[in-house]
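> this one's structure only:
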């Protein structure tokens, strides 16, 4: 069982930056690929970014490519999402999740085994 806890959400103006962090704990936590998803009110949960177990492979949604960066520190069992040039449409609850799939295949919610509780990101115009 793996537990995931996100932090770092908040309110920011358009064009600003936020850094989300996710701490993983439990058996085998460092053996999973990790991902970030987001869900806006009335919309389905959507893929944002994913990173491999080793951290040497990443994949991003087109909507965030060039603005967001996912990274991980396996020594600390953390995965971060650096979000720059934020837009109002980035407003959502952001979720950290753990997957057994490599980034090529890890863009679908059902391929993730564990989820955090989410952290709210609000971008004002």
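Arrived safely, thanks for sending. Just so it is clear, the model here is predicted, and its values are computed rather than measured.
> please count neighbours and contacts with C-alpha atoms only from this point.
Noted.
> just the pLDDT for the residue nearest to residue 3 when sequence neighbours are not counted.
Leaving out its chain neighbours, the residue that sits closest to residue 3 by Cα to Cα, 6 or more residues apart in numbering is residue 25, at 5.2 Å. At residue 25, the pLDDT value in this model is 94.
> touching, residue 25 and residue 32? I think so.
No - judged on Cα atoms under 8 Å, residue 25 makes no contact with residue 32 at a distance of 11.3 Å.
> now do the strands in this structure.
All strands of the chain, identified by DSSP state E, fall at 2-7, 10-13, 18-26, 33-39, 46-51, 58-60, 68-73, 78-83, 92-99, 112-115, 119-124.
> and the longest one, which residues are buried?
If I follow you right, that is strand 18-26. 18-25 (16 or more other Cα atoms under 10 Å).
> which of those sits closest to residue 84?
Using Cα to Cα, residue 18 comes nearest to residue 84 of the buried residues of strand 18-26, at 6.7 Å.
> the closest one contacts residue 82, correct?
Yes - counting by Cα under 8 Å, residue 18 touches residue 82, with 6.2 Å between them.
> residue 88: neighbouring residues, count only.
15 (other Cα atoms under 10 Å).
> gap between it and residue 74?
Using Cα to Cα, to the nearest Å, we find residue 88 at a distance of 32 Å from residue 74.
> what's the answer for residue 109, then?
Taken as Cα to Cα, the span from residue 109 to residue 74 is 23 Å.
> just want the most central residue of this protein.
residue 36 (2.0 Å; Cα atoms, centre = their mean).
> who's in contact with the residue nearest to residue 104 when sequence neighbours are not counted?
Nearest residue to residue 104, sequence neighbours excluded (Cα to Cα, 6+ apart): residue 59, at 7.3 Å. Residue 59 makes contact with 49-51, 103-104 under the criterion Cα atoms under 8 Å, 6 or more residues apart in numbering.
> in a markdown table, list those along with distance to residue 78.
Output for these, formatted as a markdown table (distance: Cα to Cα, whole Å):
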| residue | distance to residue 78 |
| --- | --- |
| 49 | 15 |
| 50 | 13 |
| 51 | 12 |
| 103 | 17 |
| 104 | 21 |
